[in-house]
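Chemist: Provide a 3D model corresponding to the input given below.
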Amino acid sequence: MSIVAVILAGGASQRMGQDKAEMYGGVGRIEGCLAEAGINRCVILCGAEQRKSMFGGEVIPDPPGLSGLHRIIPWIREKVDASILLVPCDAFLLTTEAIEAFLAAAPDGGVPSDDEGRRQPLFAFLPRHRPLNEEATNVTALVQDLPAVDLHDHRSAFSNFNRPSDLQHPQLSSRQP
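Modeler: Numbering: from 1, shown residues only. All right, here's what the predicted structure looks like:
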């Protein structure tokens, strides 16, 4: 099965106070983990057209007239015509091993859980054949029918970092922002 990683790097985080796509090795580090896991095609959703020059490779701005990630995700899945693995640019703890374990545990799609057992829809694996909730008004509802996948040994790899206080995570202390 052909899998395309879609890295969500749509803009500077107001809550974080800086662009998460450039922190902790940035999008390049994430692309390296994905390549090591055997995913050779990455598409970076960069948000506004002005952000396109920040990234290398296959970079796609949000389409005009579509707003909300819950609308953009089905659009990009159609555009690349493949199964997609979503990866937020704040996947500061994502590892090759976590990607491999997740895809092995969810061959028919799924949403991984984080350290606190919460589903993390921005890391979802969306097989091309699986329908999404077309009535969704947010990403959580878009992937509501996909099973939760609890990878006990890799939960922290599926953590999101939205506020400066989130950066106190013990596994981030050894890494450079």
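Chemist: drop to CA atoms for contacts and neighbour counts, all remaining ones
Modeler: Will do.
Chemist: give me the element the residue nearest the centre of the chain is part of.
Modeler: Nearest to the mean C-alpha position of the chain, by CA atoms, centre = their mean, lies Val87 at 1.5 Å. Using DSSP states H and E, the element containing Val87 is strand 83-88.
Chemist: right, and the helix or strand after that strand?
Modeler: Downstream of strand 83-88, the first helix or strand assigned by DSSP H and E is helix 96-105.
Chemist: and Ala106, how far is that from Val4?
Modeler: 15 Å (CA to CA, to the nearest Å).
Chemist: higher neighbour count, these two?
Modeler: Taking neighbours as other CA atoms under 10 Å, Ala106 and Val4 compare with Val4 leading, 22 against 19.
Chemist: output the strand holding Val87 as PDB, nothing but the C-alphas.
Modeler: Coordinates of each C-alpha in strand 83-88 appear next as PDB, following Å, rounded to 0.1, in the frame of the first residue of the first chain:
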ATOM      1  CA  SER A  83      -3.600   6.500   2.000                       C
ATOM      2  CA  ILE A  84      -2.200   9.300   4.300                       C
ATOM      3  CA  LEU A  85      -0.500   9.400   7.600                       C
ATOM      4  CA  LEU A  86      -1.000  12.800   9.300                       C
ATOM      5  CA  VAL A  87       1.900  14.200  11.200                       C
ATOM      6  CA  PRO A  88       1.700  17.600  13.000                       C
END
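Chemist: given that strand, what are its sheet partners and their directions?
Modeler: strand 3-8 (parallel), strand 125-126 (antiparallel) (DSSP bridges).
Chemist: tell me the angle the first one makes with helix 96-105.
Modeler: Orientation check (axes from the mean of the first three to the mean of the last three CA atoms, to 10 degrees): strand 3-8 against helix 96-105 gives 120 degrees.
Chemist: where along this protein do the helices fall?
Modeler: 26-36, 69-80, 96-105, 139-142 (DSSP state H).
Chemist: for Gly11, give me the pLDDT.
Modeler: pLDDT recorded at Gly11 is 68.
Chemist: now the strand holding Val87: how far from the chain's centre is it?
Modeler: 5 Å (CA atoms, centre = their mean, to the nearest Å).
Chemist: who's in contact with that strand?
Modeler: Strand 83-88 is touched from outside by 1-9, 77, 122-129, 160, with contacts defined as CA atoms under 8 Å, 6 or more residues apart in numbering.
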